[in-house]
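**Student:** fold the following, please.
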Amino acid sequence: MHTSPHADDGGRHRRGRAGSWFAGIVAVVAVLGLLVTGYGVAVEPRLILDEERIQARIPGLGPDWEGARVMVFSDLQVGMWWDNTAMIERVVEHTVAADPAAVLLPGDFLYQSETSIRERIQHVTRLLEPLTAAGIPVYAVMGNHDHAVGAVAALTEAFEEHGIEVLANEAVPVPGSAPGPGLFVVGVGPSSAGEADPSAAFADVPDAAPRLVTMHNPTTFPELPAGAAPMAVAGHTHCGQIAVPLLSRWSYLGLTEEEELVADGFAPDGNGAEGNEMFVTCGIGFSLLPARINAPPQLLTVELHGA
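**Tutor:** Model prediction:
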């Protein structure tokens with residue numbers, strides 16, 4: 001059977017066009033990948049700060065605390081390769097300028113690194129020092145990374161020397177001008193490090209006293225007694241860190257799917273006991289990769305009002 005040379009040319013032409021289309025698609029995908037990577041590494045985590053503001057209804061809150069602001073930021077992860085030091089400095093600067101009634105730090109100050117833990121601790125305390133230098137009461141709880149690198153004792157000592165009060169399943173009253181119990185801050189240890197003890201944390205809080213609760217892991221929230229936490233704040237999740245819609249397994253959430261947790265924002269109804277509310281903040285630093293997509297660093301302001 002005789003085959004026309006023109007038919008062969010047509011086949012080669014079609015194959016050539018298909019190859020060109022395929023190469024073009026590959027090039028577009030590669031360019032988009034580079035743009036997304038550049039955004040996730042250099043833009044969102046370094047330049048974008050989400051300054052979230054919420055209101056908390058606190059039973060028994062005294063008139064001197066009405067409208068007071070408490071600011072929260074978490075997960076500094078200092079020591080992660082290419083960590084987010086410049087954003088930490090920016091967050092601290094914004095916090096000092098806002099002059100809040102108190103600051104809560106829900107853990108994970110350190111990350112594993114080649115540098116000595118002592119040097120990393122000194123770095124963290126220098127970053128946070130403007131808060132206490134401005135006379136702002138600051139309260140911290142430890143996170144799972146702080147435990148994992150064996151730095152809890154040294155970090156606690158350094159923080160307390162710099163005026164940051166570390167709460168390990170305990171509560172303290174925030175200094176205020178009004179007589180009476182005032183506002184308590186309750187700090188619960190990280191459940192991911194096996195250190196959460198809510199019963200001990202609330203033991204010294206008078207039943208009717210107004211309180212805020214800070215903890216590292218959102219998974220601790222369902223364990224809090226009913227009515228004990230009218231507002232709790234947590235970190236740990238990084239809000240997914242690389243939170244691509246419909247692709248949660250590619251994000252930090254995929255690494256914690258064995259946990260029943262709230263990834264970001266307010267806990268849904270039914271997640272905690274009656275009368276309790278929780279907000280999960282996105283943090284500032286990184287885990288595994290120095291990138292954030294759809295989960296920018298966050299500075300949270302909690303405005304207090306009586307219930």
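**Student:** from now on I want contacts and neighbour counts done on CA atoms only, so please keep to that.
**Tutor:** OK.
**Student:** give me the number of residues near Ile25?
**Tutor:** When neighbours are defined as other C-alpha atoms under 10 Å, Ile25 has 12 of them.
**Student:** and for Ala307?
**Tutor:** The number of residues packed near Ala307 is 11, by other C-alpha under 10 Å.
**Student:** the protein: helices as residue ranges?
**Tutor:** Remark: helices assigned in the chain by DSSP state H are 5-38, 44-47, 85-98, 117-133, 144-148, 152-161, 198-202, 252-255.
**Student:** what pLDDT, on average, does the first one get?
**Tutor:** This means helix 5-38. Across helix 5-38, pLDDT averages out at 64.
**Student:** likewise the fifth one?
**Tutor:** When pLDDT is averaged along helix 144-148, the result is 95.
**Student:** repeat that for the third one.
**Tutor:** Helix 85-98 carries an average pLDDT of 98.
**Student:** tell me which residues in it are buried?
**Tutor:** Residues Thr85, Met87, Ile88, Val91, Val92, Thr95, Val96 are the ones in helix 85-98 that count as buried (16 or more other C-alpha atoms under 10 Å).
**Student:** okay, these in JSON lines with distance to Val78 next?
**Tutor:** Output for these, formatted as JSON lines (distance: C-alpha to C-alpha, whole Å):
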{"residue": "Thr85", "distance to Val78": "7"}
{"residue": "Met87", "distance to Val78": "11"}
{"residue": "Ile88", "distance to Val78": "9"}
{"residue": "Val91", "distance to Val78": "14"}
{"residue": "Val92", "distance to Val78": "14"}
{"residue": "Thr95", "distance to Val78": "19"}
{"residue": "Val96", "distance to Val78": "20"}
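**Student:** between the residues you listed, which sits nearest Thr281?
**Tutor:** Closest to Thr281 out of those is Val91 (13.5 Å), distances taken as C-alpha to C-alpha.
**Student:** which non-adjacent residue is nearest that closest one?
**Tutor:** In space, and not counting its chain neighbours, Val91 is closest to Leu299: 6.7 Å by C-alpha to C-alpha, 6 or more residues apart in numbering.
**Student:** got the contact list for that neighbour?
**Tutor:** With contact taken as C-alpha atoms under 8 Å, 6 or more residues apart in numbering, Leu299 is in contact with Leu49, Asp50, Glu51, Glu52, Met71, Val72, Phe73, Val91, Thr281, Gly283.
**Student:** closest to Leu110 out of the buried residues of helix 85-98?
**Tutor:** Scanning these for proximity to Leu110, where the rule is C-alpha to C-alpha, the winner is Thr85, at 11.7 Å.
**Student:** please parse the chain into its domains.
**Tutor:** 1-47, 50-306 (automatic domain parsing).
**Student:** identify the bridge partners of Ile242.
**Tutor:** Beta-bridge pairing of Ile242 under DSSP bridges involves Ile293.
**Student:** for Gly275, grab the count of nearby residues.
**Tutor:** The burial count for Gly275: 13, using other C-alpha under 10 Å.
**Student:** doesn't Ala228 make contact with it?
**Tutor:** Yes - between Gly275 and Ala228 there is a contact at 7.5 Å, judged by C-alpha atoms under 8 Å.
**Student:** what is the burial count for Thr301?
**Tutor:** Quick note: Thr301 (other C-alpha under 10 Å) scores 21 neighbours.
**Student:** correct me, but it touches Ile54?
**Tutor:** Yes - counting by C-alpha under 8 Å, Ile54 is a contact partner of Thr301 at 6.3 Å.
**Student:** now do the strands in the stretch 101-250 of the chain.
**Tutor:** Using DSSP state E, counting those that start in this stretch, the strands of the stretch 101-250 of the chain run over residues 102-105, 138-140, 164-166, 170-173, 184-188, 211-215, 232-234.
**Student:** tell me which residues touch Asn217, please.
**Tutor:** With contact taken as C-alpha under 8 Å, 6+ apart, Asn217 is in contact with Gly143, Pro190, Ser191, Ser192, Ala234, Gly235, His236, Thr237.
**Student:** separation between it and Glu195?
**Tutor:** Asn217 sits 10 Å away from Glu195, going by C-alpha to C-alpha, to the nearest Å.
**Student:** and if you look at Leu261?
**Tutor:** Going from Leu261 to Glu195 by C-alpha to C-alpha gives 17 Å.
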